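Chemist: return a 3D structure for these sequence lines:
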Amino acid sequence: MLNDLTITRVVCFNLTSHRPKLVGNNAVGGVHNDRASERLVRLFTNAGIEGIGRCYVPQQMLNGLLGRNPFDFYQAEEKRMQSSLGVHTMPLWDLIGKALNKPVYELLGNKGMDRVPTYDGSIYFSDLLPEYAGNFSDRFKREIDIGLERGFRAFKVKIGRGYRWMARDAGNARDIEVLNIIREHAGPDIQIGVDANNGYDFDLTKKFLPAAAELDLLFIEEMFPEEISQCLVIKSIIAGNGWKMLLADGETHSTPVGLKPFIDAEAIDVVQGDMNTFGIEGILLETAWANGKSVKIAPHNWGSLSGFYLQCHIAKAIPNFFMAECDPLDSDVLIADDYKIENGFVTVPDSPGFGLRINEQQFANSPDVEILFDLSCN
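Modeler: Sure thing, here's the model as predicted:
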């Protein structure tokens with residue numbers, strides 16, 4: 001069957017997923033709303049097997065898949081997919097996994113963890129939303145409770161209000177105030193990291209470190225535009241004081257190559273190349289560079305429901321994974337029956353491919369689906 005397997009139809013569509021709350025500003029951007037949209041592709045075959053995944057490529061590149069055997073693109077030994085899709089290979093990996101009756105993480109090496117630690121990355125600047133400005137303390141407590149109810153035991157909190165939205169000193173003070181509210185409400189056993197979206201600078205980061213240690217932060221992310229020498233100084237200060245927090249960065253790089261010098265110098269503890277920008281192949285490349293070093297891999301993921309499932313399979317495939325970033329999104333169209341978040345960990349199914357399916361009734365009728373094009377073999 002595998003020799004005769006042929007892609008017979010390609011359907012490209014935008015899918016809107018929904019958050020359980022309105023997400024506010026971060027240091028550099030405005031309100032992030034209560035939903036997110038991403039582009040997905042369905043690859044149909046003559047064997048009734050379907051591949052599903054995020055994929056941002058022009059129509060002509062997808063047209064080139066029609067009539068082809070997906071195994072023409074699969075390089076099993078190298079754990080790579082070589083195709084016109086570039087880094088957007090998720091639907092092909094899903095299709096190959098289903099054809100072989102294996103989960104994608106097994107195709108990628110299966111050298112990672114059984115359960116994947118994860119965090120809720122959606123704690124933004126709710127205090128700057130007009131409806132919560134008068135009582136933002138209760139709003140942040142409720143947001144933490146929403147995350148706890150969904151199974152999270154770790155949170156990433158946005159900081160950097162003084163970069164754009166408030167006077168610098170007032171913004172820095174508000175950052176600390178909000179973190180104290182969250183730490184007191186969440187308690188000592190909940191893990192907390194922060195992300196400044198480069199809204200601090202090198203000197204402000206040094207001043208922030210004692211407060212970060214007092215708050216028992218797990219990591220500090222993207223505090224300033226990363227430079228190897230400055231990152232090494234920050235790491236030295238942390239180590240010299242016996243603090244345990246990690247330095248994370250890297251999401252703004254467009255290719256893995258820019259992160260290699262940071263990995264080589266071990267200037268970043270947690271490397272956060274974007275899951276969807278780098279793709280599976282790019283994340284595996286930076287993983288190989290990090291092997292044998294004191295560097296963990298934690299792909300950045302925001303605004304992408306499918307990207308979360310990608311991360312989970314990377315986590316089960318590689319030995320140096322840190323945590324999966326979750327933008328809490330729900331969909332009635334893209335169904336992931338057996339992914340469960342409990343007590344801060346994701347249980348990843350051993351279903352073929354990514355373990356995803358389409359609810360056909362919702363796909364046909366939901367306003368969350370926008371069909372872009374539907375290609376078939378002549």
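
Chemist: could I get the pLDDT score of M1?
Modeler: M1 carries a pLDDT value of 63.

Chemist: let me redo that: N378
Modeler: Reading off the model, N378 has pLDDT 66.

Chemist: cool, D114 as well?
Modeler: At D114, pLDDT is 89.

Chemist: number of nearby residues for it?
Modeler: Neighbourhood size, D114 [other CB atoms under 10 Å]: 9. Placement of C-beta: from N, CA and C, glycine included.

Chemist: can you pull the contacts of it?
Modeler: Going by CB atoms under 8 Å, 6 or more residues apart in numbering, D114 touches K316.

Chemist: go with 7 Å
Modeler: Taking CB atoms under 7 Å, 6 or more residues apart in numbering, we find D114 in contact with no residue.

Chemist: try P117
Modeler: Counted by CB under 7 Å, 6+ apart, P117 has contacts 323, 344-345.

Chemist: in strands, which of those residues fall?
Modeler: F345 (DSSP state E).

Chemist: distance of G64 relative to A265?
Modeler: Distance from G64 to A265, counting by CB to CB, to the nearest Å: 40 Å.

Chemist: ditto for F71
Modeler: In terms of CB to CB, F71 sits 39 Å off from A265.

Chemist: D201 too?
Modeler: The separation that D201 has from A265, given CB to CB, amounts to 20 Å.

Chemist: for N320, same thing?
Modeler: Where A265 is concerned, N320 sits at a distance of 17 Å (CB to CB).

Chemist: which one of the two is surrounded by more residues?
Modeler: Taking other CB under 10 Å, N320 and A265 do not tie; N320 has more neighbours (19 against 14).

Chemist: picking that back up, most surrounded residue in the contacts of P117?
Modeler: Result: M323 is most packed of the contacts of P117 (other CB under 10 Å), 27 neighbours.

Chemist: and the helices in the stretch 51-200 of the chain?
Modeler: Secondary structure of the stretch 51-200 of the chain by DSSP state H, counting those that start in this stretch: the helices cover 59-63, 90-100, 104-107, 136-149, 161-164, 168-186.

Chemist: could you check the angle the last one makes with helix 136-149?
Modeler: Right, helix 168-186. Orientation of helix 168-186 against helix 136-149 (axes from the mean of the first three to the mean of the last three CA atoms, to 10 degrees) gives an angle of 50 degrees.

Chemist: buried residues in helix 168-186, which are they?
Modeler: 171-172, 174-175, 178-179, 181-183, 185-186 (16 or more other CB atoms under 10 Å).

Chemist: gap between stretch 7-23 and the chain center?
Modeler: Relative to its chain's centre, stretch 7-23 lies at 16 Å (CA atoms, centre = their mean, to the nearest Å).

Chemist: what's near enough to touch I283?
Modeler: Contacts of I283 by CB under 7 Å, 6+ apart are 273, 275, 297, 299, 314.

Chemist: these in helices, which ones?
Modeler: 275, 314 (DSSP state H).

Chemist: show me which of the contacts of I283 is closest to V333.
Modeler: M275 (20.3 Å; CB to CB).

Chemist: wait, isn't that closest one in contact with S306?
Modeler: No - at 9.3 Å, M275 does not count as touching S306 under the criterion of CB atoms under 7 Å.

Chemist: top strand in the protein by residue count?
Modeler: Max-length strand for the chain by DSSP E is strand 7-23.

Chemist: in stretch 97-104, what counts as buried?
Modeler: Applying 16+ other CB under 10 Å to stretch 97-104 flags 97-100, 102-104 as buried.

Chemist: just flag the most distant two among those.
Modeler: A99 and P103 (12.6 Å).

Chemist: middle-most residue in the chain, spatially?
Modeler: Nearest residue to the geometric centre of the chain (CA atoms, centre = their mean): N301, 2.1 Å.

Chemist: wait, what's in contact with N63?
Modeler: Here N63 is in contact with L375 (CB under 7 Å, 6+ apart).

Chemist: go with 8 Å
Modeler: N63 neighbours (CB under 8 Å, 6+ apart): 10, 375.

Chemist: next: K206.
Modeler: 233-234, 237.

Chemist: now I176
Modeler: I176 neighbours (CB under 8 Å, 6+ apart): A211.

Chemist: could you do V28 as well?
Modeler: 160, 163-164, 197-199.

Chemist: also E50?
Modeler: E50 neighbours (CB under 8 Å, 6+ apart): 42-44, 95, 98, 358.

Chemist: also Y200?
Modeler: Y200 neighbours (CB under 8 Å, 6+ apart): 159-160, 163, 208, 223-224.

Chemist: 6 Å instead?
Modeler: 223-224 (CB atoms under 6 Å, 6 or more residues apart in numbering).

Chemist: next up, the contacts around the closest residue to V157 other than its chain neighbours.
Modeler: Excluding the flanking residues, the one nearest V157 by CB to CB, 6 or more residues apart in numbering is I123, at 4.4 Å. Taking CB under 6 Å, 6+ apart, we find I123 in contact with 143, 155, 157.
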